[in-house]
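*Asks:* one predicted model, sequence on top.
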Amino acid sequence: MNNTNIDNELHNYVLGQLKLRDVDLTTMAENVYNIQVKFNSELTIKECREAIDKILMRRDILQLMAVAFQMDNMANLSQLDEPLQEIVANDRGEFGVDESIALAMCSEYGSIALTTFGRIDSKKVGDAKRLDELAQVW
């Protein structure tokens, strides 16, 4: 399989995992807009959605997201080895791999992405809150 096919398969996998979790990209764009508009009053929801679509075409981002989804899926099915299963399934604070994956994605976009992630991770609003509270097999 060539890189283009792998990239397409990976892109479809990530979009499918988002859909399974009822994550809507337009809603995500609205959330981005609400967070960022105070820093850029000319920003539009359309621009936010276009940025999300562009990000979701990057191989490095897709790979990180796929690993995070797979880890989540395996934890929800109790398929991780102990003690990792207990740590991941219970979102224990000493386990920071999920945050490390998110920070790796943010590092591609500079300090504003890092601070925005920190705000979203600590406040847990919208889909972030819903998904954090939801323990479900996808």
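*Replies:* That came through, no problem. Numbering: from 1, shown residues only.
*Asks:* quick check: Tyr33 touching Thr44?
*Replies:* Yes: applying Cβ atoms under 8 Å as the test, Tyr33 and Thr44 come out as touching, 7.4 Å apart. Quick note: C-beta positions are derived from backbone N, CA and C, even for glycine.
*Asks:* and those two? which has more neighbours close in?
*Replies:* Tyr33 (17 against 12; other Cβ atoms under 10 Å).
*Asks:* any idea how far the helix or strand that the more buried one is a member of is from the chain center?
*Replies:* Tyr33 is part of helix 25-36, with elements assigned from DSSP states H and E. Here the centre of helix 25-36 is set off from its chain's centre by 13 Å, with Cα atoms, centre = their mean, to the nearest Å.
*Asks:* after that helix, which helix or strand is next?
*Replies:* The first helix or strand that comes after helix 25-36 along the chain, using DSSP H and E, is helix 45-55.
*Asks:* tell me which strands and helices that following helix is in contact with?
*Replies:* Where contact means 3 or more Cβ pairs under 8 Å, 6 or more residues apart in numbering; DSSP states H and E, helix 45-55 is packed against helix 25-36.
*Asks:* would you mind getting the angle between the helix holding Tyr33 and helix 45-55?
*Replies:* 110 degrees (axes from the mean of the first three to the mean of the last three Cα atoms, to 10 degrees).
*Asks:* quick check: the closest residue in space to Ser78 that isn't next to it in sequence vs Ser100, distance?
*Replies:* Closest residue in space to Ser78, ignoring its immediate chain neighbours: Gln85 at 6.0 Å, by Cβ to Cβ, 6 or more residues apart in numbering. Distance check for Gln85 against Ser100: by Cβ to Cβ, to the nearest Å, it reads 18 Å.
*Asks:* and the helices in this protein, which stretches?
*Replies:* 3-20, 25-36, 45-55, 59-76, 84-89, 97-107, 111-123, 126-133 (DSSP state H).
*Asks:* how about the ones you listed in JSON lines, adding mean pLDDT?
*Replies:* Below are the helices of the chain laid out as JSON lines (pLDDT from 0 to 100):
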{"stretch": "helix 3-20", "mean pLDDT": "94"}
{"stretch": "helix 25-36", "mean pLDDT": "93"}
{"stretch": "helix 45-55", "mean pLDDT": "97"}
{"stretch": "helix 59-76", "mean pLDDT": "93"}
{"stretch": "helix 84-89", "mean pLDDT": "84"}
{"stretch": "helix 97-107", "mean pLDDT": "86"}
{"stretch": "helix 111-123", "mean pLDDT": "78"}
{"stretch": "helix 126-133", "mean pLDDT": "70"}
